[in-house]
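S.K.: Kindly generate the corresponding structure for this input.
(2 chains, ligands or ions: 1)
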Amino acid sequence: MTDRLILGIESSCDETGVGIVRLGPDGSLELLADEVASSVEEHARFGGVVPEVASRAHLEAMTPTMRRALDKAGVELSDVHSIAVTAGPGLAGALLVGVSAAKAFAAALGKPLYGVNHLAGHVAADTLQHGHLPERCLALLVSGGHSQLLLVEGGLASSITEIGSTVDDAAGEAYDKVARLLDLPYPGGPPIDRLAKTGNGCAIAFPRGLTGPRDAKYDFSFSGLKTSVARWVERCEAAGEEVPLADVAASFQEAVADVLTMKALRACKDLRVDTLVISGGVAANSRLSGLAAERCAEAGVELRVPSPRLCTDNGAMIAALGAHLVAAGAKPSPMDLSTTPGLPVNVVQIL
Amino acid sequence: MSDTFAGPVPLTTVLVLALDTATPAVTAGVVELLPDSTTLLAQRVTVNAKAHGELLTPHVQDSLAEAGRTFADVDAIVVGSGPGPFTGLRVGMATAGALGQALNRPVYPVSTLDALALDAATGHPLLVATDARRREVYWAAYDALGRRVDGPHVERPADVVAKLASLGVREAAGEGASIYAEVLGLTIVDVRYPSPVGLVSAASAEVLAQARPAPLTPLYLRRPDAVEPVGRKRVTRA
Ligand SMILES: [Zn+2]
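M.R.: Now for the predicted structure:
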């Protein structure tokens, strides 16, 4: 068996991504191209992703992003072995642009098509950097759209089980809302992270959601935290005091990182898993990765966090997941593949 | 070919793939275009406003198979660029763009309303209206020779009526005209969705001349629904 080129197309939210991965005969993965066009700036003034704006941007960006990826990899579409595309979960209209294009590419080129799960793609991103996953591992996915704790067994092509998720806001959503409260730009993650570095994370004791003895062990809740930050700031203002922005940011960030890492490590211990992968846009947060590193070291758990570029939505992660499926001999998806905005994480591929 | 730089050789017989998803119809067809004729070889049409994403590519594949042709035989692609409901419309545009890129063939966008006007071709002034939802229609008006004289617009049917007299229009085609027949008060021509032949006819001059295609830009005619947050919470005093 020779090298096989796997093309990945991503359009589930506000990033149009095209990635190209080389799958070696030994199952090794090499990233050849990872091109992303983002519409994040168009959403900034709305304080969140506007689905129709995102869908329009995907349509405009699809063929130019594909061209850039092919040029970057130095290959042509005819060299491609298989095409993988995010079929869900995500925004319906946004997913539809990527899936429509992927189906047309597959049909015109006569190549197999794999309609895959975006969340599994986030985990697959890590294998581009750190190689194959062990037989069992836990994955913490944290971004503007998702906050989940997943148990991955027997590789990405075989079994993914959700053991916990957020019951209200995603972690990244909480960052965006708190950023707005503190008059910081959207998306809120990077500016809060920057500001927090100059503040004291222990200054204000914000609540840790769902950490009581009777609460769901692996689920998250960030809505109460956001409300608590808002109340604290309002009280401060009402008293005519200047709001210590850096301390608020640092203490909020500490609460998020504390709960996420505490629950992830609790799951590692309970399920006797010794590898934790953290992926998704929020994985780039310095306090989250720092605290995770400390706590993983204490617990003897290996921590894997892909580089920030691989953590955010991109086509490379979808190409990587496609490569795992091809390597495992998975059957292609049918050409009447449709999008599934609410695709559950245990469905790695739509057949 | 050795004369690549001597300018395009005029094509005599052109195999054109036609797609449209700007109406509830999921339309694909294979059309043979000659300077003096436009012949349908095969088509697949399903009327289901929720199935564009699922069915369009299979319809393209099935049309080609029935025509006894392959993707390699395709010389050009014509796609309806709307106006039409956004989500469905984008399926056709994204599909056509990807097919063009994969096959390295030109993709010509045409107005879906123009294609409908050519399909109807009554020889009289004509209103073409498709369903824009929200109790509105996408519409354009054509003269007796089939040239567009007004539109495309998106409006309530009652507001279109006021403009028809000055345009001398007494006939109407398109699904929107049927839905709002009573309000419009026009003679309905029973052409509801654009056909592959109508789509290719709308681009035939450009296709035959191998003209550089216009950008693949959908005719949305409406802005995205999005409101900027008000009552922005300010903590800092900038
Ligand atoms: Zn994501």
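S.K.: contacting residues for the residue in the stretch 1-150 of chain A positioned nearest to the ion?
M.R.: Ranked by C-beta to the ion, the top residue of the stretch 1-150 of chain A for proximity to the ion is residue A:143, at 4.8 Å. Where you see a C-beta, it was placed from the backbone N, CA and C, and this is true even at glycine. By C-beta atoms under 8 Å, 6 or more residues apart in numbering or on different chains, residue A:143 lies in contact with A:122, A:170-172, A:280-283, A:311-313.
S.K.: let's see 6 Å
M.R.: Residue A:143 makes contacts with A:172, A:280-282, as judged by C-beta atoms under 6 Å, 6 or more residues apart in numbering or on different chains.
S.K.: What of residue B:120?
M.R.: Residues in contact with residue B:120, defined by C-beta under 6 Å, 6+ apart, are B:126, B:173, B:189, B:191.
S.K.: What sits closest to it if chain neighbours are left out?
M.R.: Leaving aside its chain neighbours, residue B:120 sits nearest to residue B:173 (3.8 Å; criterion: C-beta to C-beta, 6 or more residues apart in numbering or on different chains).
S.K.: Spell out which residues of the stretch 251-351 of chain A are next to chain B.
M.R.: For the stretch 251-351 of chain A, the residues in contact with chain B (C-beta under 6 Å from any C-beta of the partner chain) are A:335-336, A:338.
S.K.: Most neighbours among these, please name it.
M.R.: Greatest neighbour count in these, by other C-beta atoms under 10 Å in any protein chain shown, goes to residue A:338: 20 neighbours.
S.K.: SS state for that residue?
M.R.: Following DSSP: H, G, I helix; E, B strand; the rest coil, we place residue A:338 in the coil state.
S.K.: and it, how far is that from residue A:330?
M.R.: Using C-beta to C-beta, to the nearest Å, one obtains 18 Å as the distance from residue A:338 to residue A:330.
S.K.: what do you get for residue B:167?
M.R.: Look at residue B:167 and residue A:330: by C-beta to C-beta, they are 58 Å apart.
S.K.: what do you get for residue A:172?
M.R.: Residue A:172 sits 30 Å away from residue A:330, going by C-beta to C-beta.
S.K.: Who has more neighbours out of these two?
M.R.: residue A:172 (23 against 19).
S.K.: Just confirm the more buried one is within a strand.
M.R.: No: counting by three-state DSSP, residue A:172 is not part of a strand but helix.
S.K.: The residue of the stretch 151-300 of chain A found nearest the ion and residue A:138: what is the separation?
M.R.: Shortest the stretch 151-300 of chain A-to-the ion distance, computed as C-beta to the ion: residue-wise this is residue A:280, at 5.8 Å. Distance of residue A:280 to residue A:138, computed by C-beta to C-beta: 14 Å.
S.K.: between the two, which one's more packed in?
M.R.: Ranked by neighbour count (other C-beta under 10 Å), residue A:280 and residue A:138 place residue A:280 first, with 27 against 24.
S.K.: these two touch, right, the more buried one and residue A:141?
M.R.: Yes: Residue A:280 is within contact range of residue A:141, at 4.6 Å (criterion: C-beta atoms under 6 Å).
S.K.: Overlap in contacts, these two.
M.R.: By C-beta under 6 Å, 6+ apart, the residues touching both residue A:280 and residue A:141 are residue A:122.
S.K.: what's the distance between residue A:82 and residue A:316?
M.R.: Distance of residue A:82 to residue A:316, given as C-beta to C-beta: 15 Å.
S.K.: Assign residue A:64 to helix, strand or coil.
M.R.: With three-state DSSP as the criterion, residue A:64 reads helix.
S.K.: Could you report the neighbour count for it?
M.R.: Neighbour count for residue A:64, taken as other C-beta under 10 Å: 15.
S.K.: if we can go back for a sec, hey, what's the residue nearest to residue B:120 bridged with?
M.R.: With DSSP bridges as the criterion, residue B:173 is bridged to residue B:128.
S.K.: Counting neighbours, what do you get for it?
M.R.: By other C-beta under 10 Å, the residues close to residue B:173 number 27.
S.K.: Helices of chain B, start to end?
M.R.: With DSSP state H as the criterion, chain B has helices at B:52-67, B:86-103, B:112-120, B:157-167, B:175-179, B:181-184, B:196-209.
S.K.: How about the secondary structure of residue A:129?
M.R.: Following three-state DSSP, residue A:129 is assigned to helix.
S.K.: For it, which non-adjacent residue is spatially closest?
M.R.: Nearest to residue A:129 is residue A:306, by C-beta to C-beta, 6+ apart, at 4.9 Å.
S.K.: show me what contacts that neighbour?
M.R.: Here residue A:306 is in contact with A:125-126, A:129, A:279 (C-beta under 6 Å, 6+ apart).
S.K.: pLDDT score assigned to it?
M.R.: According to the prediction, residue A:306 has pLDDT 96.
S.K.: Just confirm it is within a strand.
M.R.: No: looking at residue A:306 with three-state DSSP, it is coil, so not inside a strand.
S.K.: one step back: which of the contacts of residue B:120 has the most neighbours?
M.R.: Among the contacts of residue B:120, residue B:126 has the most neighbours (other C-beta under 10 Å), with 30 neighbours.
S.K.: Need the residues that contact stretch A:280-300.
M.R.: Here stretch A:280-300 has contacts from A:122, A:141-144, A:171-172, A:193, A:253, A:257, A:261, A:265, A:278, A:303, A:305, A:308, A:311-312, using C-beta under 6 Å, 6+ apart.
S.K.: Quick check on these: which are buried?
M.R.: The neighbour count (16 or more other C-beta atoms under 10 Å in any protein chain shown) marks A:122, A:141-144, A:171-172, A:193, A:253, A:257, A:261, A:265, A:278, A:303, A:305, A:311-312 as buried among the contacts of stretch A:280-300.
S.K.: Next, residue A:9: secondary structure please.
M.R.: strand.
S.K.: Please name the nearest non-neighbouring residue to it.
M.R.: Spatial nearest neighbour of residue A:9, chain neighbours left out: residue A:85 (4.4 Å); criterion: C-beta to C-beta, 6+ apart.
S.K.: Helix or strand: which one has that neighbour?
M.R.: strand A:82-88 (DSSP states H and E).
S.K.: Can that strand be said to contact the ion?
M.R.: No: using C-beta under 5 Å from the ion, strand A:82-88 stays clear of the ion, coming no nearer than 8.9 Å.
S.K.: Helix or strand with the lowest mean pLDDT in chain A?
M.R.: Lowest on mean pLDDT, DSSP states H and E among the helices and strands of chain A sits helix A:40-44, with a mean of 91.
S.K.: other SSEs contacting the helix or strand encompassing residue A:138?
M.R.: Residue A:138 belongs to strand A:136-142 when assigned by DSSP H and E. When contacts are defined as 3 or more C-beta pairs under 6 Å, 6 or more residues apart in numbering or on different chains; DSSP states H and E, strand A:136-142 packs onto helix A:118-130, strand A:147-153, helix A:245-270, strand A:275-279.
S.K.: So the residue most central in space within chain A versus residue B:128, what's the distance?
M.R.: The centre of chain A sits closest to residue A:280, judged by C-alpha atoms, centre = their mean, with a distance of 2.6 Å. According to C-beta to C-beta, residue A:280 stands 47 Å off from residue B:128.
S.K.: in stretch B:219-227, what's buried?
M.R.: B:219-221.
S.K.: what residue ranges in chain B are flagged as low confidence?
M.R.: Within chain B, the stretches with pLDDT under 70 are B:1-11, B:229-238.
S.K.: Spell out which parts of it neighbour chain A.
M.R.: Counting by C-beta under 6 Å from any C-beta, the residues of chain B lying close to chain A are B:53-54, B:57-58, B:61, B:71, B:87, B:90-91, B:93-95, B:97-99, B:101-103, B:224, B:226, B:228-229, B:233-236.
S.K.: Buried ones only from those, please, as a PyMOL command.
M.R.: Entered in PyMOL, the line below selects the buried ones among these, by 16+ other C-beta under 10 Å:
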select buried, chain B and resi 53+54+57+58+61+71+87+90+91+93+94+95+97+98+99+101+102+103+235
